[in-house]
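J.: Turn this into a structure:
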Amino acid sequence: MVGKLLVVAVGMFAFGYALIPIYRAICEATGINILAISERQLPGSGLTGKDARVPGNSQIDRTRLITVEFDANARGPWDFKPERRSIQVHPGELATVMYEFQNVQNRTLAAQAIPSYAPKQAAAHFNKLECFCFNQYTLAPGEKKQWPVAFVIDPRISKDVTTITLSYTFFEVGGKTPAAPVAQAPTSAGRS
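T.: Residues are numbered from 1 along each chain as shown. The predicted structure follows:
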């Protein structure tokens, strides 16, 4: 029995050790492992590894520029603003802008931002890769934070769009919100 278990253990170890070259062969044959392009030989270059030059992003439309304007609205007594008011980017190009938030109140608060876009058709082509609007944040009294917005504008966006406004409204989450008014049923005196 011990001999059979030893054979099974050695077989499992050998199989686990053999998975690495099997995985590499499958990924190379199917082209799945695109993140490791620097480890492979690039076609026609004769170079491998770090000597090989990775081709640039061919998805960037360098024939046009789009101005992206940044707007910040705060629903409450705190400071919220973008690092820059606008930038120009090529469609398909990765861009990052920082937003600054400071809790100027004397209490801890939880808040979240909601984005909106103008023109409306830009929303479908404005792809945020990293954004503080995905989460809620808790800030202590006087605490100041900076958060990035990393985005790419889809090159398929209409050619007539030359300016996009990205607007954030930052509001308190879980704060004291007044209750909605309750409709009163008409009294018998009000009926005719």
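
J.: Phi first, then psi, for I22.
T.: Dihedral pair for I22: phi -70, psi -40, per degrees, to the nearest 10.

J.: neighbours of it, just the number please.
T.: Close neighbours of I22, defined as other Cβ atoms under 10 Å, add up to 10. For the C-beta atoms, the positions are set from N, CA and C on the backbone; glycine is no exception.

J.: Now for it: which residues touch it?
T.: Contacts for I22 were tallied using Cβ atoms under 8 Å, 6 or more residues apart in numbering; there are none.

J.: how about a cut-off of 10 Å?
T.: I22 makes contact with F15, according to Cβ atoms under 10 Å, 6 or more residues apart in numbering.

J.: for A110, same thing?
T.: Neighbour list for A110: 136-139, 172-175 [criterion: Cβ under 10 Å, 6+ apart].

J.: looking at the residues you listed, which has the most residues close by?
T.: Using other Cβ under 10 Å as the neighbour test, the contacts of A110 are led by E172, with 19 neighbours.

J.: ok, it to C131 distance?
T.: As for E172, its distance to C131 is 19 Å (criterion: Cβ to Cβ, to the nearest Å).

J.: I'd say A95 and I153 touch.
T.: Yes: under the contact definition of Cβ atoms under 10 Å, A95 touches I153, with a separation of 8.2 Å.

J.: Return every residue with contacts to both of the two.
T.: Counting by Cβ under 10 Å, 6+ apart, the shared contacts of A95 and I153 are 66, 68, 89.

J.: Can you add neighbour count and give the residues you listed back as TSV?
T.: As requested, those are exported to TSV (neighbours: other Cβ atoms under 10 Å):
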residue	neighbour count
I66	21
V68	22
V89	17
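
J.: so where's the chain shaky on pLDDT?
T.: Across the chain, the ranges flagged by pLDDT under 70 are 31-58, 175-192.

J.: Could you list the domains of it?
T.: When the chain is parsed into structural domains using automatic domain parsing, the resulting residue ranges are 2-51, 66-172.

J.: residue boundaries of the helices in the protein?
T.: Taking DSSP state H to define them, one finds helices in the chain at 2-30.

J.: show me what contacts the residue nearest to N135 when sequence neighbours are not counted?
T.: Leaving aside its chain neighbours, N135 sits nearest to Q112 (7.2 Å; criterion: Cβ to Cβ, 6 or more residues apart in numbering). Contacts were defined as Cβ under 10 Å, 6+ apart; by that measure Q112 touches 132-137, 168-174.

J.: which of these sit farthest apart?
T.: Within the contacts of Q112, two members stand farthest from each other by Cβ to Cβ: Y168 and G174, at 18.8 Å.
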